[in-house]
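In: Need a 3D model of the following:
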Amino acid sequence: GETTNVKENLLVGDSGERMVVRGVNGTSGLSPNEIIFEINNARPDCWYTITIQSTHKYTKTATLMLKEVSDDKSTSLLVFSWAPIIPGQFQASVHVTDQSKDHETPMIMPPVSIEIHESTPEIGWINLQHRIENKPPCQSVDNVAQYSYWGGDWFGPELGLPEGNRQGWTYVPSQQMNCKIETFPPEVITRSPQMKSIFILGRSVERGIFFSLLDLALSWEEKAEMVHSIVAKCWGRAEATKGNLKIMYQDFRSSSFEDPTLPGHIECHNDRLVKDSSSFVHNATILWKELFEDESRWPSVVYMSTAYSSNKRQQQHFLFDHHVRSFVQSLPKTWPGTLILGDGELTGRSISHYEMYQEYLRDINRYVLELNDSRVRWLDGMGISSDMKLWNQDAGKKVMRSQHFHRFCDSRVDSGADELRMKVCSNTTELIAQLLLGHALGEKQELMNQIGDAQPASMKLCHKCPACLLPFQLTPYPNMTCEASGKFERHFGTIDCSFVRKRLEM
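Out: Below is the predicted model:
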């Protein structure tokens with residue numbers, strides 16, 4: 001298309017980086033309909049990210065389309081692309097993530113102003129309306145690859161779109177996904193006519209989904225001390241039941257799964273014992289059988305994080321047949337629930353790199369089709385992680401520094417009433433939580449027609465959370481402790497975990 005609105009030679013960093021911003025006109029009805037960012041003299045050993053936002057209206061991460069390193073390896077050329085969806089005034093901010101974790105992530109330039117016009121009146125809003133209206137709930141779509149391309153856009157509270165979360169942000173799926181993600185009001189999710197349960201098997205990233213579910217389901221009094229409780233960093237199992245909803249988290253570090261055809265081994269990092277000689281994949285198999293042995297307590301939805309990663313070095317530890325297929329094949333034939341598989345690309349450190357993303361999409365689509373089970377979905381971790389970079393844990397100062405999307409908060413100032421107060425602030429984990437609720441509870445309107453007036457009883461909270469992260473533990477049939485108070489209790493005291501090093505010398 002025709003190039004327009006060129007901004008050249010913008011100084012964007014203290015190492016000589018300079019940027020050109022140009023618009024490209026096309027036939028979408030928006031002018032320009034694509035923005036190209038070219039960063040010259042970029043440092044090849046750094047990751048750069050460009051966030052486009054319109055305050056309280058929109059946010060998106062530009063996609064890295066090209067990275068060319070100079071012959072002497074001293075600099076690189078980066079080319080990013082962003083296709084606007086709606087007209088308006090936007091700001092593009094560039095961050096570089098080369099600093100160590102105890103430093104703030106620098107924003108290496110003042111934000112660049114970008115103005116998008118409509119060459120066809122109201123075309124942006126008309127197209128957006130087509131993506132919203134008359135779409136089926138995503139949980140009702142019978143397509144195993146439904147979540148294996150997660151495309152869409154975040155729109156802010158100022159636009160007031162339907163299916164907004166508690167902070168007013170709405171995720172609108174792309175035309176390719178062609179569905180809507182229903183958001184269930186907190187006051188109804190524990191009041192299904194039948195008992196429903198959501199089990200999450202994962203890492204600390206997925207623990208954030210567990211916390212978002214709890215934050216939606218519990219009263220302020222029940223969750224007020226969540227951040228100070230023993231469950232706040234649970235490397236074992238925790239479960240909460242309220243009314244007819246049970247939510248369980250199990251630490252499930254699939255990246256430590258072994259090749260079951262080889263002998264067990266001890267794993268150490270320097271002088272730290274990471275894993276003893278017990279087999280993780282063996283314990284995980286027993287745990288899996290535990291979850292499904294009693295038909296009356298079968299989970300409605302299971303989210304299981306796998307060890308798949310786009311990182312080639314990490315891929316060598318991922319054995320699809322032993323680490324995924326064997327679990328799917330052992331599902332009871334009559335289980336009516338949904339298994340959603342995730343992977344290591346669900347992370348706050350995700351980068352929007354076009355070629356890497358396309359290769360990743362090919363892999364996960366191939367995997368979910370090979371599994372050939374209508375109850376299974378594979379969640380596109382890269383796609384769902386790519387945006388909201390300025391809202392993740394520590395993101396105000398450390399963009400892409402933490403893997404976590406969630407942060408503990410107290411939103412009383414914003415929401416006022418106790419029943420609306422949030423303890424876990426994360427648009428990303430709350431979006432996934434709502435997706436899991438949809439698969440557990442069914443379509444929202446049907447649920448709203450079925451719930452009664454009775455308020456659920458107080459929460460029951462049980463846990464078995466090891467005091468130390470290392471060595472990693474994966475324990476089937478844990479002997480859990482239950483809180484008598486029906487709420488999260490503040491946990492006092494710390495435990496010296498240095499003994500895990502001494503075990504190597506015994």
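In: in a strand, that's where His130 is, yeah?
Out: No - per DSSP: H, G, I helix; E, B strand; the rest coil, His130 lies outside any strand segment and is helix.
In: Pull the contacting residues for it.
Out: Going by C-beta atoms under 8 Å, 6 or more residues apart in numbering, His130 touches Gln175. (Glycine included, C-beta is placed from N, CA and C.)
In: how about the helices in this protein?
Out: For the chain, the helices defined by DSSP state H occupy 123-132, 204-217, 220-223, 280-292, 312-315, 320, 326-329, 354-371, 381-385, 412-415, 427-441, 444-450, 499-502.
In: To Val231, which of the ones you listed lies closest?
Out: Comparing these by their distance to Val231 (C-beta to C-beta), the top pick is helix 204-217, with 8.7 Å.
In: quick one: buried residues of that closest one?
Out: Buried positions in helix 204-217, judged by neighbour count with 16 or more other C-beta atoms under 10 Å: 204-217.
In: quick check, distance from it to the centre of its chain.
Out: 11 Å (C-alpha atoms, centre = their mean, to the nearest Å).
In: If you average the pLDDT over it, what comes out?
Out: On average, the pLDDT along helix 204-217 is 95.
In: Sketch out the low-pLDDT regions of the stretch 301-450 of the chain for me.
Out: For the stretch 301-450 of the chain, applying pLDDT under 70 flags the ranges 313-314, 396, 411-420.
In: want to try CSV for the buried residues of helix 204-217, with distance to Thr285 as columns?
Out: Converted to CSV, those look like this (distance: C-beta to C-beta, whole Å):
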residue, distance to Thr285
Ser204, 23
Val205, 23
Glu206, 19
Arg207, 22
Gly208, 26
Ile209, 23
Phe210, 22
Phe211, 27
Ser212, 28
Leu213, 26
Leu214, 28
Asp215, 32
Leu216, 31
Ala217, 30
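In: quick one on the thing from earlier: quick one: which of the helices of the chain is nearest Gly151?
Out: Closest among the helices of the chain, using C-beta to C-beta: helix 381-385, at 6.2 Å.
In: Buried residues of the closest one, list them for me.
Out: 381-385.
In: just those now: which is nearest Glu295?
Out: Taking C-beta to C-beta as the measure, Glu295 sits nearest to Gly381 out of the buried residues of helix 381-385, at 31.2 Å.
In: how about the closest one, what does it touch?
Out: Counting by C-beta under 8 Å, 6+ apart, the residues that Gly381 touches are 342-347, 350.
In: Tell me the one of those residues nearest Gly236?
Out: Of all these, Gly342 has the smallest distance to Gly236: 19.6 Å, by C-beta to C-beta.
In: what's around that closest one, how many residues?
Out: 28 (other C-beta atoms under 10 Å).
In: ok, it to Met382 distance?
Out: Taking C-beta to C-beta, to the nearest Å as the measure, Gly342 and Met382 are separated by 11 Å.
In: try Asp363
Out: Counting by C-beta to C-beta - Asp363 and Met382 are separated by 11 Å.
In: do Asp294 as well
Out: From Asp294 to Met382 the distance is 36 Å (C-beta to C-beta).
In: now do Ser119
Out: 32 Å.
In: Could you pull up the residues touching Leu339?
Out: Contacts for Leu339 (C-beta under 8 Å, 6+ apart) come out as 301-302, 304, 328, 331, 373, 375-377.
In: swap in Gly383?
Out: 149-151, 357.
In: cutoff 10 Å now
Out: Contacts for Gly383 (C-beta atoms under 10 Å, 6 or more residues apart in numbering) come out as 147-152, 174, 177, 345-346, 350, 352, 357, 360-361, 364.
In: with these in mind, which one is nearest to Cys462?
Out: So of the contacts of Gly383, ranked by how close each gets to Cys462 (C-beta to C-beta), first place is Leu346, at 26.2 Å.
In: what about the closest one, how many neighbours?
Out: A count of neighbours around Leu346, defined by other C-beta under 10 Å, yields 27.
In: List the residues that contact it.
Out: Counted by C-beta under 10 Å, 6+ apart, Leu346 has contacts 202-203, 205-206, 208-209, 303, 305, 379-385, 403, 405, 428-429, 432.
In: ok, back up a step: with respect to Pro44, which of the contacts of Gly381 is nearest?
Out: Nearest to Pro44 among the contacts of Gly381 is Ser350, at 19.9 Å by C-beta to C-beta.
In: show me the contacts for that closest one.
Out: 49, 61, 310, 344, 356-357, 381-387, 389, 392, 400, 403, 405.
In: ok, back up a step: so of the contacts of Gly383, which ones are in strands?
Out: Here DSSP state E is the test, and the contacts of Gly383 give Gly152 as lying in strands.
In: Report the buried members of the contacts of Gly383.
Out: Counted by 16+ other C-beta under 10 Å, the contacts of Gly383 give 147-150, 152, 177, 345-346, 350, 352, 357, 360-361, 364 as buried.
In: which of those lies closest to Lys460?
Out: Leu346 (28.7 Å).
In: Quick check: chain neighbours aside, which residue is closest to the closest one?
Out: Closest residue in space to Leu346, ignoring its immediate chain neighbours: Gly381 at 3.5 Å, by C-beta to C-beta, 6 or more residues apart in numbering.
In: Likewise for Ser374?
Out: Val144 (6.3 Å).
In: Could you report the pLDDT at that neighbour?
Out: 96.
In: wait, isn't it in contact with Leu379?
Out: No - look at Val144 against Leu379 with C-beta atoms under 10 Å: they stay out of range, at 11.9 Å.
In: Overlap of the contact sets of the two?
Out: Residues touching both Val144 and Leu379 (C-beta under 10 Å, 6+ apart) are Val368.
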